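# need a structure here:
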Amino acid sequence: MHNPHDEQDDDYNGITFEVVEEEDNADGKKVRNTGIYLLPNLFTTAALFSGFYAVIASMQGRFEPAAIAIFFAALFDGMDGRVARMTNTQSAFGEQYDSLSDLVSFGVAPAILVFSWSLQTLGKFGWICAFIYTVCAAFRLARFNVQIGSVDKRYFIGLASPLAAAVVASMVWAGVDHDMPNKVKEFAIFTSLITVLTGFLMVSNFKFYSFKELDRSRVPFAVMLPVVLVIGIVASDLPMGLLAVSVVYALSAPLTALWQKLRPTK
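Down below sits the predicted model:
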């Protein structure tokens, strides 16, 4: 008589390196699948590599390549989910792998980057601020994982970790590009405040517009004109342009919430 438990034990006999997970098929029944989907996980691996490279470059004092690598990580991170949905290759393994990659690329890498660039001037206080940012990123990702399917997809609850990383990375990139006094104590204190506040925005309950509705929605042709203008302005000074766009987005939800609190009720 065939025992299904024997088959399960064979999957974990230590001889093979395999991923086994249960998924629901079209009939709603549980099926056991082995292996992982290649394409989306390749993009996730590229994002993880970019974050790891950013850490190494930061430790070597190569701050501009490190900041650029974090933006590449954000690009690959945005692509892996879209590829998974387009090819119908979503999986529980992919979701967990993506979160771990995000923690490295958007939690650890930006913290080490800003610490190596400026916050180390403040000694213990500097690395504590960098650690606070990393912890907030971890909390943000854990909360996102448990809230999947229970929140409005039009909004992120709290600043998404790739966008928080964009604030920190663009700040460093712009600072390097414009020779800002990153080792001056007063400037380092300002940098630490930006880093910690960005971390707190990740774990806040502010609603940030996700732009997911724009994927398939039509907009008036005239809307493209200011978009092209903004792209042109950003491209003229890429580090400062990215910093400006990142900061405006990061402040959009708190300012909107404040405006709604202060506006007179009818």
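# what stretches of this protein score poorly on pLDDT?
1-18, 20-35, 148-152, 213-217, 219, 265-266 (pLDDT under 70).
# which parts of it are strands?
All strands of the chain, identified by DSSP state E, fall at 20-24, 30-34, 155-157, 207-209.
# walk me through which strands the third one pairs with, and which way each runs.
Same thing as strand 155-157. strand 207-209 (antiparallel) (DSSP bridges).
# tally of neighbours for residue 200?
15 (other Cβ atoms under 10 Å). Heads up, the C-betas are built off the backbone N, CA and C, glycines and all.
# from residue 117, how far off is it?
Applying Cβ to Cβ, to the nearest Å, the value for residue 200 to residue 117 is 20 Å.
# and for residue 248?
Residue 248 is 22 Å from residue 117, by Cβ to Cβ.
# neighbour count winner among those two?
A side-by-side neighbour count of residue 248 and residue 117, using other Cβ under 10 Å, places residue 117 first with 25 against 10.
# mind listing what residue 71 touches?
166, 169, 170, 242 (Cβ atoms under 8 Å, 6 or more residues apart in numbering).
# now do the contacts for the first one.
In other words, residue 166. Contacts of residue 166 (Cβ under 8 Å, 6+ apart): 70, 71, 74, 242, 246.
# give me the buried entries from those residues.
Burial by neighbour count, 16 or more other Cβ atoms under 10 Å: within these this picks out 70, 71, 74, 242, 246.
# sitting in helices, which of the residues you listed do you find?
Counting by DSSP state H, the buried ones among the contacts of residue 166 place 70, 71, 74, 242, 246 in helices.
# okay if I get those as CSV plus distance to residue 183?
Conversion of these to CSV gives the following (distance: Cβ to Cβ, whole Å):
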residue, distance to residue 183
70, 21
71, 24
74, 27
242, 23
246, 23
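# out of these, who's nearest residue 123?
residue 70 (24.6 Å; Cβ to Cβ).
# for the nearest residue to that closest one once chain neighbours are set aside, grab the count of nearby residues.
Once flanking residues are discounted, residue 70 sits nearest to residue 169: 4.1 Å by Cβ to Cβ, 6 or more residues apart in numbering. The tally of other residues near residue 169 (other Cβ under 10 Å) stands at 30.
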